[in-house]
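S.K.: this one's structure only:
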């Protein structure tokens, strides 16, 4: 498998400099490990020293890096090297002829009353229940469940083990026992959504759980019932959103972050790794709450003190008041 | 699909006021979005303003809300509106004829030496291994694995992707390598247990992992080997219990909480979201340990200080002692 | 099912004392619940009182415990009782004839271009994609997916629901939308690796994600693209490693711990439960960062104070400076 540099710039634009369009590319590789025949990219000017040392056949760079790149060898100059690199990986997959084949795998269990677009791919051992809808060019890789009446839009990619439309976790407590609240809603997923392996998106209790267009979910994520996630928001692995919370558009939720239920997060909110969001966030920005890691022995001392932090504050207050008392006494 | 109000009170009790028993209900809906033809409920008196504004055909309310509800329109008066609402959702599902069909789906792989009750439903692409037992009216939705000799009681609901009876994580370390401890126990699950999507319950090392009657587990939960969970305890999504821990009855474990191994939790213990339980809990109550979220810049300052909290405490102590020294000096 | 004590010492060594080699063992049991016919073990001298009280037919002990054990009854003396116990469980399983049967289950979907060793076991409803390689004596229990070109070594045990080789979570952001970076790498898993239920190991972006020999992964773990995990490292349930992080050999990562991306962890690093590793760790040792749990009311006070910890530090500083000012004044 190889591509000519000319094919790449013909397909994706950018300006090829310092090499012939006929140069063959055998591999796309990281800048530091790229060798002859490899195409690499430089996104961050901080790695400029890697650029000089790289043995790549060609490097994708921004205009500001053009001179430095040419001093080393061939380059493709483009405004956004990282996006260009992403598109090269897509071109690569298409050139390999690895696009998924439309149709329903013989081992999948698709209800007669489900509606699967003829261009969609339902992979091996998937389950698509009654009334579910799978949009054009959407791919369920393998072992995916789409529950009753749930809808997945067009051009979605759903990885193995994903469960869309299990019951939300709803019970009324009466005399110490739990009475099930049947979950009558469904899940609605927009277009261009990617869902990582073993992620779960529960159906709504009365209304639908909604994932808007362009949302990207990593692996092992929990989306509870009646959650609403706005356009182009991305959530990293092991994050979780509890019931009825509404997350805005263009947010990023880092790995293992948790958002409790019944909150509202504005657009462009960025939640740091392992942070627990316990109240609504009205303003864009970065939000964090992580206990800093330390050597265990230091942590033990600090954690013990933390358990009496409130009393420490009282002691500081007492010292301040005592000092004010002294000064008043002195001034009299 | 619709139900008459008369059918609902005939089946579930409560007193219908301000409307004819023949009034048709088309949908169950939240109070704030309910429209004509919808049945809603008011559980929390705090939402009384929503009651006045609601356009629902009928609202389920407690006796104390009866007058306020009637001022607006029809209501069903009942002692516990939330439990009543839960039962209405169940009635709704039965009326739709959506009850699962007993039997083993053709695509499921059920060992000849497994014992499945004739009223149980084994959905598509499930695996039930040798010696496993599935009780009456229990439903394995789809893509569920029940391992060798594991037992699931009656009226359980097991969502897609659940793994019951994978090996517990047990190894002896010798000369830097891990020697597997074969997990010879199994999993015993009581009656009326619900298990959410992709949740894992490991088999015991020597004895069984036990989930008692009425336990409710949400999605993506990890139950390690030899754990014992008491009756009617509920655990929310992404929570985890490490090996050999025993949780009492009627506990609630909130989302993403972790309980380390070899602990005992009393009955009626409530663990807050993302809290790490590191020691046994002998008394009922609410327990919490979460780093408060903040704007990232504020968090950075506080986290940096936290790493020297112990020293801060020493400085306070020094100030206090110095002050005592001053006072002693003054008094002499 | 039973084994004679003589069969055990013949197979595993150790010295049997105080009982005949013909004594039949019916069960392996914990010291405190073992009864007649049971074999137990004592690993930790702290549990010596349990030894005296145990009704086990025979107890596996270290040489230092020999006299105490014999005072009670029969024992097997061996240098490492816990490792010996592990080997007895393995012997038990072999004696029961429970070894997995090599071959591909009829319900599994294995691509014609995958390479499965004839001694490997591909259980029910597994998916093995094109170009994947499964080594000798490796067992995929059931409902496991091994993606294109991914390689699993020899003698591995992969539990139900595992996903090896889903796409890493890689996107370039452009004009507020996410452009997919096709994940062109694969996953390479060494020999003697165990992978717990519903764990996910993503394929690399350009190069491979690597799990070295002897690594043990528990359930519901997330291993992101391009991670590298060194030999004999063990990770407990619900832990997660973000992209491109490299973990050394012989590390232990406790349950629900998170390691952020692009870090390096040395060999013999031990990360405590729920700890978030946010920077590289160059030295062996135990590392921790967990908010201590408390009664909710105490936590609330401490958490509120924590949010102004930085200001508290400023107040201590002010008090210290004031005191120094006083002393300077006094000395003048």
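M.R.: Yes, it's here. Quick caveat, the model's predicted, so the values are computed rather than measured.
S.K.: Only C-alpha atoms from now on, for both contacts and neighbour counts.
M.R.: OK.
S.K.: which stretches of the stretch 201-332 of chain A form helices?
M.R.: A:296-306, A:309-331 (DSSP state H, counting those that start in this stretch).
S.K.: Can you tell me which helices and strands the shortest one packs against?
M.R.: By that I understand helix A:296-306. helix B:309-331, strand C:285-288 (3 or more C-alpha pairs under 8 Å, 6 or more residues apart in numbering or on different chains; DSSP states H and E).
S.K.: And the pLDDT at residue A:177?
M.R.: If you check residue A:177, the pLDDT there is 95.
S.K.: wait, what's in contact with the closest residue to it other than its chain neighbours?
M.R.: The shortest distance from residue A:177 to any non-neighbouring residue, by C-alpha to C-alpha, 6 or more residues apart in numbering or on different chains, is to residue B:232 (5.9 Å). Applying C-alpha atoms under 8 Å, 6 or more residues apart in numbering or on different chains to residue B:232 gives the contacts A:176-178, B:212-216, B:249-251.
S.K.: Please apply the same query to residue A:16.
M.R.: A:5-6, A:9, A:74-77.
S.K.: And residue A:324, how far from residue A:317?
M.R.: 11 Å (C-alpha to C-alpha, to the nearest Å).
S.K.: Among those two, which residue is more densely surrounded?
M.R.: When neighbours are counted by other C-alpha atoms under 10 Å in any protein chain shown, residue A:324 and residue A:317 differ, and residue A:317 comes out ahead with 15 against 12.
S.K.: related to what we said a few turns ago, which one among the contacts of residue B:232 gets closest to chain C?
M.R.: residue B:251 (15.0 Å; C-alpha to the nearest C-alpha).
S.K.: Run a quick neighbour tally on the closest one.
M.R.: Neighbours around residue B:251, by other C-alpha under 10 Å: 25.
S.K.: Got the confidence number for it?
M.R.: 98.
S.K.: repeat for the one 10 residues further on
M.R.: Residue B:261 is assigned a pLDDT of 98 by the prediction.
S.K.: again, but for residue A:295
M.R.: In this prediction, residue A:295 carries a pLDDT score of 97.
S.K.: Does it touch residue C:283 like I think?
M.R.: No - applying C-alpha atoms under 8 Å as the test, residue A:295 and residue C:283 come out as separate, 10.1 Å apart.
S.K.: Neighbours of residue A:283, how many?
M.R.: With other C-alpha under 10 Å as criterion, residue A:283 counts 11.
S.K.: Oh, that last question was meant for residue A:51, not what I typed.
M.R.: 24.
S.K.: For chain A, give me the ranges with low pLDDT.
M.R.: Within chain A, the segments meeting pLDDT under 70 span A:332.
S.K.: one more time with 50
M.R.: Applying pLDDT under 50 to chain A flags no residue at all.
S.K.: Give me the domain ranges for it.
M.R.: What automatic domain parsing lists as the domains of chain A is A:3-95, A:103-287, A:296-331.
S.K.: which one of these is the most hemmed in?
M.R.: domain A:103-287 (a mean of 24; mean count of other C-alpha atoms under 10 Å in any protein chain shown).
S.K.: Serialize the helices and strands packed on helix A:296-306 to TSV and add fields for distance to residue A:329.
M.R.: Shown next, in TSV, are these (distance: least, C-alpha to C-alpha, whole Å):
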stretch	distance to residue A:329
helix B:309-331	13
strand C:285-288	48
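S.K.: Quick check: residues of the stretch 51-200 of chain A near chain C?
M.R.: Counting by C-alpha under 8 Å from any C-alpha of the partner chain, the positions of the stretch 51-200 of chain A adjacent to chain C are A:82-83, A:85-87, A:89-90, A:93, A:107, A:124-125, A:142-143, A:159-161, A:196-198.
S.K.: Mind checking which of those land in strands?
M.R.: Using DSSP state E, the subset of those located in strands is empty.
S.K.: Now, those residues that are in helices?
M.R.: A:82-83, A:85-87, A:89-90, A:93 (DSSP state H).
S.K.: Tell me the residues of the stretch 101-250 of chain A that contact chain B?
M.R.: Checking the stretch 101-250 of chain A against chain B by C-alpha under 8 Å from any C-alpha, the hits are A:109, A:125, A:127, A:143, A:145, A:161, A:163, A:166-167, A:169, A:171-174, A:176-184, A:198, A:200, A:206-207, A:220, A:222, A:240, A:242.
S.K.: In strands only, show me these.
M.R.: A:109, A:127, A:145, A:163, A:166, A:171-174, A:177-180, A:200, A:222, A:240.
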